[in-house]
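Chemist: sequence and predicted model, in that order:
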Amino acid sequence: MYRYDGSPLASEADAWAAGAIENGNLSVDNYAAIAALAKNAPAPGMTQDGVPMKLRGCFDFVNSNEFLAKVKKITKSRPR
């Protein structure tokens, strides 16, 4: 959401984040640590016409084995 500040995509990401926290069962610290991982997300890919593929990059990032391993480490190392 920070990468796309001021855009409709950022607003949607903010809403999803709030919903995940409200409906989740992790501690606030867990959510903050997971959110910090997004700062290292790769830049979005581009179409052949030069249009950024923002959502594809997000999906690829959160579905990667590396991201999953980091989330598992965070949730195991911090109390709920």
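Modeler: Yep, that arrived.

Chemist: only C-alpha atoms for contact and neighbour calcs from this point on.
Modeler: Fine.

Chemist: for the protein, which segments count as helices?
Modeler: For the chain, applying DSSP state H gives helices covering 8-23, 28-37, 54-62, 65-77.

Chemist: for the protein, what helix or strand is lowest in average pLDDT?
Modeler: Least confident helix or strand of the chain, by mean pLDDT, DSSP states H and E, is helix 54-62 with a mean of 82.

Chemist: list the buried ones in that one?
Modeler: Going by neighbour count (16 or more other CA atoms under 10 Å), the buried part of helix 54-62 is 57, 61.

Chemist: with distance to residue 46 as new columns, can the helices of the chain be given to me in JSON lines?
Modeler: What follows is the helices of the chain, written out as JSON lines (distance: least, CA to CA, whole Å):
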{"stretch": "helix 8-23", "distance to residue 46": "16"}
{"stretch": "helix 28-37", "distance to residue 46": "22"}
{"stretch": "helix 54-62", "distance to residue 46": "8"}
{"stretch": "helix 65-77", "distance to residue 46": "22"}
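
Chemist: lowest average pLDDT across the ones you listed?
Modeler: Note on the helices of the chain: lowest mean pLDDT is at helix 54-62, with a mean of 82.

Chemist: pull the CA atoms of that one into CSV?
Modeler: Extracted in CSV, the C-alpha atoms of helix 54-62 (Å, rounded to 0.1, in the frame of the first residue of the first chain):
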residue,chain,number,x,y,z
LYS,A,54,1.0,-4.3,-9.9
LEU,A,55,-1.3,-7.1,-8.7
ARG,A,56,0.7,-9.8,-10.4
GLY,A,57,3.8,-8.7,-8.4
CYS,A,58,1.8,-8.8,-5.2
PHE,A,59,0.4,-12.3,-5.9
ASP,A,60,3.8,-13.6,-6.9
PHE,A,61,5.4,-12.2,-3.7
VAL,A,62,2.8,-13.5,-1.2
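
Chemist: ok so, going back, tell me the angle of the least confident helix or strand of the chain relative to helix 28-37?
Modeler: Computed by axes from the mean of the first three to the mean of the last three CA atoms, to 10 degrees, the angle separating helix 54-62 from helix 28-37 equals 120 degrees.
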